[in-house]
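>>> give me a model of this one.
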Amino acid sequence: MRTRKWVHAAEAVLALAAPSLLEAQHVVEEVRVVATPHDLSPADVAQSVTVLADERLRRSLRPTLGETLASELGVSSTYHGSGASRPVIRGLAGARVKVMEDGIDALDVSSISADHAVGVDPAAARQIEIFRGPTTLLYGSGAVGGVVNTVTNRLPTVVPDDGLDAMLEVQADSASRRRRGAFAVDGGRERLAWHVDAARQRADDYEIPGTAVRGADPHEPDAVPGVVPNSAFDATSGAAGLAWLGARSTFGFSARRLASDYGVPHVHAEHDDAEHDGARIDLEAMRVDLHGEWLGFERFPRVEMRLAVGDYEHLEIEGDEIATRFRNDAYEGRVEVAHAPWGAWRGAFGAQVGGRELEAAGDEAILPPTESLSVGVFVLEHRDLGPWRASLGARIERVRHEPLGGAAYARTASSVSAAAIRRLPADVSVVVNAAWSERVPAAEELYSHGPHLASSTFEIGDPHLHVEAARHVDVGLRRTDGRITWAVTAFHTDYDDFVYLAETGEEDASTGLPIFTHVQRDATLTGAEAELFVTVAQVGRGEVDLRVHGDAVRAELANGEPLPRIPPRRYGIRWQYHDARIVAGVEAARHEARRRVAPFETPTDGYTLLGFDVRLRLRDGGPRPLDLVVTGSNLLDEEARKATSIVKDLAPLPGRSFTVGLRASL
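Numbers count the residues shown, from 1 in each chain. Modelled structure (predicted):
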């Protein structure tokens, strides 16, 4: 299989954190993830990884990447309305979670602010990989909290068996009257493969129980009960790719465009005026990817190169005026080289370089124009030591930020990691991971100075911040084979000089906004994740499966003060029946209340989300199926406000909703 060989060995670890081993059994032979340079079986992979693919991915698909992944083990989201939502992994978000498309950074500005959409369309994914915990060795200091990698077919890797494969999909839901249509076509002949896809979706303001503003009187003249005002969106995407697939080498390129126009809920405060209530973002992102792979060299059996160049712009519009314009011209490239064995050691090494020119102009231009450059080298090795499989890795990178008219900030970050796996009787494995990871502060943490309307704060950076350092360990037990599979993982991270926004207690004289500054304190994050999957019974020609799961994280400063926007404890259950024609499931997830919050936060109540899904194969047999998919979410019509959301007091999750879709392979 001509897929990327560096980002793949953890995909096979579906049983560790996969939403259902049923999907794992369907895709394990085709889906490959590499967290090490060589393919490994599920029991041989130490990294905590979840992979969404095929049926599970289609069932989880939402308009944004954050909401698509928000129910996965150890993952929440920043949720800023229908148009913007970024993943939160084990309580970490923003510049600590790297979002990628086909192994390269998303090249957007979503890490700067929660109201900035991720420049990746989850509907274009054929699978999504979630790496929980530090992945800095492969992807740099921006991955200290984890990685989300969206894998697409836009860089073709195979020629379809019949020379042409096509997919057509339509979908609609009730809560926002969202309408979505998409198609994808893959073709080729002999050594040449090509791909084309496009999608369009539109939605109105979404429906909720009660009022959007928490505690508002629904009878007040300005109250709008039943919907979140200004939450409508309109998004389109399209891409084309072409690849030459040789016997010992491949080369391909793709180009894609993403456009989105979405409303942005703002936190209401006394300083706000009416024009802020109509704020929206008009986003356009262009990107070109190149990929090359060469096989068969004696000392270096595989060499792989990836490069992406992006041109990103969004306009923040209030009323009829353009308030702020963000531009981000960025690129990232990496080379990975697998080497022949060095004694008992096998592995790979590589280099990565990335840069961007970020410019913001207008009322919310909290950053000066800034150029950033990062260069890193890495190595990752593994070997067998009796009953143990051990791996070691190291990375060093240099990061430089230079604001217009200001002094440059350049620092070096280094990371090392060690992992070991041992097989025990009864197909049980014990897994231990330890890592030292450093992160160079992001440009927004260094140079911010201005009003940030998404959070109704006045933010000030500190150009003298130190490099942030984390000592991380996680220990797990898991069983990945058989009728009963399970996994339990506990993790702990100690941070030196953790960077966060702290309230000063003062207000900016010109805007009246409370002043927050980027400061550093020592911090700890401790948590656990657990999952059990059981094939309960054989019913007719199908099976009944049970999945039980839960996760929790506690994050606080050295003085015991909680860190802001940390997800509460969560646990859930799913019953599922499946046979050759139907997959039907019902699931419930309980999100506990979050009462222990940072000084400037409001607490959140607990809520239970109940849902169902049915996939019926209308046209059975052969390679051209036709599927009907019906899902229901928040069936109890609960008022659900996310503790991880800046706008939780203004924009709860959608109320009861039903979705109907048709997917045809042609």
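
>>> buried residues of stretch 388-403, list them for me.
Taking 16 or more other C-beta atoms under 10 Å as the neighbour-count basis, stretch 388-403 is seen to contain the buried residues 389-395, 397, 399, 401-403. For every residue, glycine as well, the C-beta is placed using N, CA and C.

>>> near residue 343, how many other residues are there?
A count of nearby residues for residue 343, using other C-beta atoms under 10 Å, gives 6.

>>> quick one, what contacts residue 377?
Counting by C-beta atoms under 8 Å, 6 or more residues apart in numbering, residue 377 touches 349-352, 395-397.

>>> so which of those residues comes closest to residue 102?
When these are compared for distance to residue 102 (C-beta to C-beta), residue 352 wins out at 14.6 Å.

>>> the lengthiest strand in the chain - what's its average pLDDT?
What stands out as the longest strand in the chain, according to DSSP state E, is strand 514-539. Averaged across strand 514-539, pLDDT comes to 95.

>>> and stretch 393-400, by the same measure?
On average, the pLDDT along stretch 393-400 is 96.

>>> re the thing from before, list the helices and strands the longest strand of the chain packs on?
If you count contacts as 3 or more C-beta pairs under 8 Å, 6 or more residues apart in numbering; DSSP states H and E, strand 514-539 packs onto helix 14-17, strand 457-460, strand 484-507, strand 542-557.

>>> just the C-alpha atoms of the longest one, please, in CSV.
Just to be clear, that refers to strand 484-507. Extracted as CSV, the C-alpha positions of strand 484-507 are listed here (Å, rounded to 0.1, in the frame of the first residue of the first chain):
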residue,chain,number,x,y,z
ILE,A,484,-13.8,-9.0,24.9
THR,A,485,-11.3,-6.2,24.4
TRP,A,486,-10.4,-3.4,26.8
ALA,A,487,-7.9,-0.7,27.5
VAL,A,488,-7.1,1.4,30.6
THR,A,489,-4.6,4.3,30.4
ALA,A,490,-3.5,6.7,33.2
PHE,A,491,-1.4,9.8,32.4
HIS,A,492,0.4,12.6,34.3
THR,A,493,2.2,15.7,32.9
ASP,A,494,4.2,18.2,34.9
TYR,A,495,4.7,21.5,33.2
ASP,A,496,7.5,24.0,34.0
ASP,A,497,6.5,27.6,32.9
PHE,A,498,3.1,26.6,31.5
VAL,A,499,1.8,29.6,29.4
TYR,A,500,-1.8,30.7,30.0
LEU,A,501,-4.0,33.8,30.0
ALA,A,502,-4.5,35.2,33.5
GLU,A,503,-6.9,37.9,34.7
THR,A,504,-5.3,41.0,36.0
GLY,A,505,-8.4,42.5,37.7
GLU,A,506,-8.0,45.7,35.6
GLU,A,507,-9.9,47.1,32.6
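
>>> packing partners of it?
If you count contacts as 3+ C-beta pairs under 8 Å, 6+ apart, strand 484-507 packs onto helix 14-17, strand 457-460, strand 468-479, strand 514-539.

>>> most tightly surrounded among those?
For those, the largest average neighbour count (mean count of other C-beta atoms under 10 Å) is found in helix 14-17, namely a mean of 26.

>>> show me the shaky parts of the stretch 151-300 of the chain.
Flagging of the stretch 151-300 of the chain using pLDDT under 70 yields the residue ranges 221-223, 266-278.

>>> all the strands of it, residue numbers only.
164-173, 179-189, 192-203, 233-245, 249-263, 280-295 (DSSP state E, counting those that start in this stretch).

>>> make JSON lines from the ones you listed and add distance to residue 581 and mean neighbour count to it.
Formatted as JSON lines, those follow (distance: least, C-beta to C-beta, whole Å; neighbours: other C-beta atoms under 10 Å):
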{"stretch": "strand 164-173", "distance to residue 581": "19", "mean neighbour count": "17"}
{"stretch": "strand 179-189", "distance to residue 581": "24", "mean neighbour count": "17"}
{"stretch": "strand 192-203", "distance to residue 581": "27", "mean neighbour count": "19"}
{"stretch": "strand 233-245", "distance to residue 581": "31", "mean neighbour count": "20"}
{"stretch": "strand 249-263", "distance to residue 581": "35", "mean neighbour count": "20"}
{"stretch": "strand 280-295", "distance to residue 581": "38", "mean neighbour count": "20"}
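
>>> those into TSV, with extra columns for distance to residue 541?
Below are those laid out as TSV (distance: least, C-beta to C-beta, whole Å):
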stretch	distance to residue 541
strand 164-173	27
strand 179-189	31
strand 192-203	35
strand 233-245	39
strand 249-263	41
strand 280-295	42
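
>>> related to what we said a few turns ago, minimum distance to residue 500: which of the helices and strands packed on strand 484-507 has it?
Nearest of the helices and strands packed on strand 484-507 (C-beta to C-beta): strand 514-539, 6.8 Å.

>>> so what are the sheet partners of the closest one and their directions?
Sheet pairing here is set by DSSP bridges, and for strand 514-539 it gives strand 457-460 (parallel), strand 484-507 (antiparallel), strand 542-557 (antiparallel).

>>> so how far is the first residue of stretch 359-374 from its last?
For stretch 359-374, the first and last residues are 18 Å from each other (C-alpha to C-alpha, to the nearest Å).

>>> out of the helices and strands packed on strand 484-507, nearest to residue 283?
Evaluated with C-beta to C-beta, those place strand 457-460 nearest to residue 283, the distance being 21.5 Å.

>>> would you turn the buried residues of stretch 388-403 into a markdown table with secondary structure?
As requested, the buried residues of stretch 388-403 are exported to a markdown table (DSSP: H, G, I helix; E, B strand; the rest coil):
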| residue | secondary structure |
| --- | --- |
| 389 | strand |
| 390 | strand |
| 391 | strand |
| 392 | strand |
| 393 | strand |
| 394 | strand |
| 395 | strand |
| 397 | strand |
| 399 | strand |
| 401 | strand |
| 402 | strand |
| 403 | strand |
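
>>> circling back: dump the helices and strands packed on strand 484-507 into TSV; add distance to residue 186 as well.
Listed next are those as TSV, based on distance: least, C-beta to C-beta, whole Å:
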stretch	distance to residue 186
helix 14-17	24
strand 457-460	45
strand 468-479	35
strand 514-539	32
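
>>> okay, now the unreliable bits of the stretch 1-150 of the chain?
Of all residues in the stretch 1-150 of the chain, those with pLDDT under 70 make up the ranges 1-45.

>>> show me where it has strands.
Secondary structure of the stretch 1-150 of the chain by DSSP E, counting those that start in this stretch: the strands cover 48-53, 75-77, 87-89, 97-101, 104-105, 125-132, 146-152.

>>> list the strands paired with the helix or strand where residue 304 lies, with their directions.
Following DSSP states H and E, the helix or strand that holds residue 304 is strand 302-318. The pairing partners recorded for strand 302-318 under DSSP bridges are strand 280-295 (antiparallel), strand 321-342 (antiparallel).

>>> now these in JSON lines, with distance to residue 592?
Putting these into JSON lines (distance: least, C-beta to C-beta, whole Å) gives the following:
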{"stretch": "strand 280-295", "distance to residue 592": "32"}
{"stretch": "strand 321-342", "distance to residue 592": "36"}
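
>>> which one of those lies nearest to residue 626?
strand 280-295 (31.6 Å).

>>> what's the angle between the closest one and strand 146-152?
Strand 280-295 and strand 146-152 are oriented at 80 degrees to each other (axes from the mean of the first three to the mean of the last three C-alpha atoms, to 10 degrees).

>>> between the buried residues of stretch 388-403, which is nearest residue 537?
Proximity to residue 537 was ranked across the buried residues of stretch 388-403 by C-beta to C-beta; first place goes to residue 389, at 35.5 Å.
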